[in-house]
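S.K.: Predicted structure and sequence below. I'll ask about it afterward.
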Amino acid sequence: MRAWFLSQDRADVRILLTGDLESAQQALARHAKGEEFSALARELSIDRSAEEGGRAPAVIRGETLLGTVAFEASLGEVAGPFEEQGRFLLVRVDARYEGAGGAWAKVREKVEASLEERGVEDAEFWQWKE
């Protein structure tokens, strides 16, 4: 699964999820005044990623909202708010990576290093399964 994941175009993102548009707009305004996005995510986000400053598992390029925004938004900029299922999402793209596929001998070290750094996360499994 991790080898497949690393072979895909992917992006590191931070998210801030709110239950209403006003809260998302306030967070965006505070960020525009200089507050750090990760601090705002810790304080305001209702997503479980809040405790990690909004750090979400890497997102692969795809047709989902996050899979699209992660590759259309400018690096380092906050995009949104986007409405999804009655909640509002702000997204900051921290980095993008081109997929690095190939034979196991070529990707083994990358796979093992990434697994040592961070185990398989639920969102990674869901994207692989899809």
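M.R.: Nice, thanks for sending it over.
S.K.: Skipping adjacent residues, who's closest to Ala100 in space?
M.R.: Leaving aside its sequence neighbours, Ala100 sits nearest to Leu6 (C-beta to C-beta, 6 or more residues apart in numbering; 5.9 Å). In this view, the C-beta of every residue, glycine as well, is placed from N, C-alpha and C.
S.K.: Would you map the strands across the chain?
M.R.: Applying DSSP state E to the chain gives strands spanning 10-18, 59-60, 78-84, 87-97.
S.K.: Could you dump those strands into a markdown table and include mean pLDDT, mean neighbour count and distance to Ser38?
M.R.: Below are the strands of the chain laid out as a markdown table (pLDDT from 0 to 100; neighbours: other C-beta atoms under 10 Å; distance: least, C-beta to C-beta, whole Å):
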| stretch | mean pLDDT | mean neighbour count | distance to Ser38 |
| --- | --- | --- | --- |
| strand 10-18 | 96 | 23 | 6 |
| strand 59-60 | 88 | 25 | 17 |
| strand 78-84 | 96 | 17 | 11 |
| strand 87-97 | 96 | 19 | 8 |
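S.K.: Which parts of the chain are helices?
M.R.: 2-6, 21-32, 37-44, 65-72, 104-117, 122-129 (DSSP state H).
S.K.: Find the one among these with the highest mean neighbour count.
M.R.: Among those, ranked by average contacts under mean count of other C-beta atoms under 10 Å, first place goes to helix 37-44 (a mean of 19).
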